[in-house]
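Engineer: Okay, here's the prediction I keep looking at, along with the sequence it came from:
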Amino acid sequence: RLLAAGYANIYQVCRCFRAGERGERHLPEFTLLEWYRAGRDYLALMDDCEALVRSVVGELGLGTGISWQGTRIDVAEPWERITVKEAFARYATVSLDDALGQERFDEILSLQIEPRLGAEKPVFLYEYPAPLAALARLKPEDPTIAERFELYIGSLEVANAFSELTDQVEQRRRFEEVARNRLRENVPALPIPERFLGALDRMPPAAGIALG
C-alpha cells in the first residue's frame with residue numbers, strides 16, 4: 001500500500017513470531033529485515049543481498065567469510081544462482097514435476113536439496129514453479145515460473161524475495177484458493193485483505209524481500 005502511495009523505497013527491521021512452529025531450522029521468534037524497491041525486479045534484489053551481506057561481514061572485520069558450525073562460508077562474489085528445476089535435477093531423487101504431482105515438494109526440498117545449498121558459499125535458489133508463487137509475479141515469457149528466489153547460507157534459508165504481483169484479479173484468485181484449501185484441511189480461512197487488493201491497481205512494478 002505504501003508503494004501504491006508513491007513511496008519508492010521502503011524498509012523495516014522488526015521482530016517476527018511463528019505460530020506453533022519450531023525445529024532445527026525454525027525459531028518461534030527472530031529478527032527480520034524487509035525492504036521493497038519500486039521499478040526493480042527479483043534479480044535486482046539478489047544484487048542487493050550480495051552487497052548487503054558482504055558489507056556487514058566486512059564491517060565486522062571478518063574479511064570475506066563467516067564461520068558456521070565449524071565451516072567457513074565464503075561471501076566473496078559471485079554467489080551461485082541455481083533454478084529450482086536445476087536443483088531437483090542435481091540433488092533430488094525425483095524430478096520437480098514428480099515432486100509437485102505427489103505433493104512432496106516441501107519434503108524433497110527440506111530433506112534432499114536444502115542440506116546441499118550454501119554450505120561453502122551463499123546460493124540463490126530461484127524461479128519457483130507457479131503453484132508456489134504466493135505473492136510473486138509470474139514470468140511474462142514463461143507463466144509456469146514465478147519470479148521468486150530464496151537465499152541459502154550454510155544450508156539455511158535466510159531470505160525470501162520476489163517481483164511483486166500487481167494484478168488484483170489474479171491476487172484475489174490466489175487468496176480465495178488458499179482459503180478453500182484451508183477449509184478442506186479444517187483450518188479457519190483468513191479474511192481477504194481488501195485494502196491491500198484495492199491498492200494493487202495503483203502499485204508500480206516492484207520487488208520485495210524478507211531477510212531473517
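Structural biologist: On my side now, so go ahead.
Engineer: can you list contacts of stretch 176-186?
Structural biologist: For stretch 176-186, the external contacting residues (CB atoms under 8 Å, 6 or more residues apart in numbering) are 188-190, 192. In this view, the C-beta of every residue, glycine as well, is placed from N, C-alpha and C.
Engineer: quick one: buried residues of that stretch?
Structural biologist: Within stretch 176-186, the residues that count as buried by 16 or more other CB atoms under 10 Å are Ala179.
Engineer: that older thread, let me know the closest of the contacts of stretch 176-186 to Gly212.
Structural biologist: The nearest member of the contacts of stretch 176-186 to Gly212, counting by CB to CB, is Leu190 at 21.6 Å.
Engineer: check contacts around that closest one.
Structural biologist: Under the criterion of CB under 8 Å, 6+ apart, the neighbours of Leu190 are 178-179, 182.
Engineer: any chance you could map the strands in the chain?
Structural biologist: Across the chain, reading from the start of the chain, the strands by DSSP state E fall at 9-17, 29-38, 65-68, 71-74, 80-83, 123-129, 138-139, 142-153, 156-163, 206-211.
Engineer: returning to that earlier point: any chance of JSON lines for the contacts of stretch 176-186, columns distance to Asp142 and pLDDT?
Structural biologist: JSON lines is the format used below for the contacts of stretch 176-186 (distance: CB to CB, whole Å; pLDDT from 0 to 100):
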{"residue": "Pro188", "distance to Asp142": "35", "pLDDT": "87"}
{"residue": "Ala189", "distance to Asp142": "31", "pLDDT": "82"}
{"residue": "Leu190", "distance to Asp142": "30", "pLDDT": "86"}
{"residue": "Ile192", "distance to Asp142": "28", "pLDDT": "91"}
